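K.L.:
Need the 3D shape of this:
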Amino acid sequence: MSDSEHYDPLGPGRRPNEDPQEKRMPRGVIIRLFAYLVAGHVVAGFLYLLFVVAGSK
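P.N.:
Sure, this is the predicted structure:
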């Protein structure tokens with residue numbers, strides 16, 4: 001019997017010495033998170049500015 005007969009494509013497929021948890025987030029996720037945080041603060045600042053200007057008149 002060969003190893004391919006016992007291969008399970010849905011199995012965990014880890015190496016014996018491999019850690020099951022990743023240590024770092026993918027780079028794209030970090031960049032996207034940073035962009036969303038910056039964009040969210042810019043929008044919130046703009047809305048705050050609109051209310052301040054509208055309230056001063």
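K.L.:
State the distance from the residue most central in space within the chain to Pro9.
P.N.:
When Cα atoms, centre = their mean is applied to the chain, the residue found nearest the centroid is Val29 (3.5 Å). With distances taken as Cβ to Cβ, to the nearest Å, Val29 is found 26 Å from Pro9. Using the backbone N, CA and C atoms, a C-beta is placed for each residue, glycine as well.
K.L.:
so how far is the one helix or strand Phe46 maps to from its chain's centroid?
P.N.:
Element membership for Phe46 (DSSP states H and E) is helix 27-55. In terms of Cα atoms, centre = their mean, to the nearest Å, the centre of helix 27-55 is set 18 Å apart from its chain centre.
K.L.:
could you point out where this structure is predicted with low confidence?
P.N.:
Within the chain, the segments meeting pLDDT under 70 span 1-3, 12-16, 18-20.
K.L.:
how many neighbours does Gly11 have?
P.N.:
The criterion is other Cβ atoms under 10 Å. On that basis, Gly11 has 8 neighbouring residues.
K.L.:
Equivalent analysis for Val43, please.
P.N.:
Each residue near Val43 was counted by other Cβ under 10 Å, and the total is 10.
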